[in-house]
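*Asks:* turn this into a structure:
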Amino acid sequence: MKHLAYISPFKISIFLGLALGLAQLPAHAADKKHVVLIAGVKSHGPGEHEHNAGVLLLAKCLNASVPNLVDVKVHLNAEWPAADEIKSADTILIFADGYNFHPALAEDHLKQLTAEMKRGCGFMALHWATEVPTGNGDLEFLNWMGGFCDPIWSVNPHWQADFTQLPVHPITKGVHPFSTNDEWYFHMRFREGMKSVIPILTAVAPDSTMSRPDGLRSGNPDVRKDVANKVPQHVAWAAERPGGGRGFGFTGGHFHQGWANNEQRKLVLNAILWTAKAAVPAKGVESVITEADLKQNLDPK
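*Replies:* Okay, the predicted model is just below:
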């Protein structure tokens with residue numbers, strides 16, 4: 001009969017101590033969701049399209065409120081993440097100018113993103129970053145986040161949107177109905193039949209949004225008919241992909257001051273967690289910012 005190896009009580013106490021210590025440690029970085037936030041270059045006037053300041057503010061809120069859930073990487077002025085960072089991302093957010101100026105359309109970025117979306121990476125676009133031209137990124141955005149801003153179909157007026165009802169969804173946890181004046185793009189191009197697309201923010205656009213003549217982003221017969229008939233317009237939405245990926249589009253964010261709205265800020269922070277497949281807290285991502293926080297990192301304009 002073989003003798004069992006003898007382990008001294010001293011060694012056992014060491015092993016137990018190590019096990020207890022590991023159990024009490026916060027979640028390891030490898031257990032956190034990897035969030036990549038990409039800000040575009042300087043754009044528009046002071047306090048408008050503050051991509052860098054907006055992304056840094058969202059990152060600050062995440063790091064302060066849910067440091068155990070996410071590992072946040074920020075890239076400013078349209079700097080594109082390295083390939084290994086893109087490959088490890090659980091969600092990628094872009095807040096930048098869109099159309100032909102979109103960072104996702106530069107170099108081989110669309111190809112890189114396509115590969116990550118296939119493995120189930122989340123995708124988010126804020127404000128103008130929801131827009132890509134027909135024939136260059138439109139099918140990808142439709143797939144990745146369920147809808148996009150089409151400059152020949154969608155419009156970009158400034159208006160007061162009243163979000164009086166919110167759906168039951170992880171993104172709306174802790175978010176109350178609210179109202180803001182913003183450049184809310186609407187009349188989006190969505191998947192046929194809104195397949196796997198959940199409207200998150202919906203409001204009826206006033207007649208004043210149709211004050212401009214027909215043209216790129218300003219109007220067309222279809223959107224005029226919808227506005228005249230008071231058809232509710234979806235300006236933020238969530239989507240799921242067959243492969244398990246998640247997407248979120250948010251057309252507000254023109255004014256940097258909008259991030260001072262607790263409901264708007266919480267909604268987008270919740271969406272970051274949801275698209276990364278992290279658990280959204282029961283009351284949502286609660287954060288507190290000051291006027292000084294809002295003034296930090298503004299672009300020199």
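*Asks:* what sits against residue 103?
*Replies:* 38, 40, 78, 80, 94, 96, 109, 129 (C-beta atoms under 8 Å, 6 or more residues apart in numbering). (Glycine included, C-beta is placed from N, CA and C.)
*Asks:* which helix or strand lies directly C-terminal to the least confident helix or strand in the chain by mean pLDDT?
*Replies:* One helix or strand of the chain scores below all others by mean pLDDT, DSSP states H and E: helix 9-24, with a mean of 41. Where DSSP states H and E defines the elements, the next helix or strand beyond helix 9-24 is strand 33-39.
*Asks:* for whatever helix or strand comes next after that next one, packing partners?
*Replies:* Counting by DSSP H and E, the next helix or strand C-terminal to strand 33-39 is helix 51-65. Packing partners of helix 51-65 (3 or more C-beta pairs under 8 Å, 6 or more residues apart in numbering; DSSP states H and E): strand 33-39, strand 70-75, strand 91-95, helix 262-275, helix 291-295.
*Asks:* closest to residue 158 out of the ones you listed?
*Replies:* Ranking those by proximity to residue 158 (C-beta to C-beta) places helix 262-275 first, at 15.5 Å.
*Asks:* and that closest one with strand 91-95, angle?
*Replies:* 140 degrees (axes from the mean of the first three to the mean of the last three C-alpha atoms, to 10 degrees).
*Asks:* show me what helix 262-275 is packed against.
*Replies:* helix 51-65, strand 91-95, strand 122-126, strand 178-182, strand 197-203, strand 233-240, strand 246-250.
*Asks:* so which of the contacts of residue 103 comes closest to residue 144?
*Replies:* Using C-beta to C-beta, the contacts of residue 103 come closest to residue 144 at residue 94, 10.8 Å.
*Asks:* hang on, that closest one packs against residue 127?
*Replies:* No: using C-beta atoms under 8 Å, residue 94 is not in contact with residue 127, being 9.9 Å away.
*Asks:* so between the two, which is more surrounded?
*Replies:* Neighbour tally, residue 94 and residue 127, criterion other C-beta atoms under 10 Å: the higher count belongs to residue 127, 30 against 27.
*Asks:* look up how far residue 281 lies from that one.
*Replies:* 25 Å (C-beta to C-beta, to the nearest Å).
*Asks:* what of residue 287?
*Replies:* For residue 287, the distance to residue 281 - C-beta to C-beta - is 11 Å.
*Asks:* who has more neighbours out of the two?
*Replies:* Between residue 287 and residue 281, counted using other C-beta under 10 Å, residue 287 has the larger neighbour count: 20 against 17.
*Asks:* just the CA trace of stretch 117-131, in PDB.
*Replies:* Extracted C-alpha coordinates of stretch 117-131, given in PDB (Å, rounded to 0.1, in the frame of the first residue of the first chain):
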ATOM      1  CA  MET A 117     -18.900  42.000 -34.900                       C
ATOM      2  CA  LYS A 118     -18.900  38.500 -36.200                       C
ATOM      3  CA  ARG A 119     -17.500  37.200 -32.900                       C
ATOM      4  CA  GLY A 120     -20.200  39.100 -31.000                       C
ATOM      5  CA  CYS A 121     -18.500  42.400 -30.000                       C
ATOM      6  CA  GLY A 122     -21.000  45.200 -29.100                       C
ATOM      7  CA  PHE A 123     -21.300  48.400 -31.200                       C
ATOM      8  CA  MET A 124     -22.500  51.900 -30.300                       C
ATOM      9  CA  ALA A 125     -22.700  55.100 -32.200                       C
ATOM     10  CA  LEU A 126     -23.600  58.500 -30.800                       C
ATOM     11  CA  HIS A 127     -25.100  61.500 -32.700                       C
ATOM     12  CA  TRP A 128     -23.500  62.100 -36.100                       C
ATOM     13  CA  ALA A 129     -21.600  58.800 -35.800                       C
ATOM     14  CA  THR A 130     -25.000  57.100 -36.400                       C
ATOM     15  CA  GLU A 131     -24.700  58.300 -40.100                       C
END
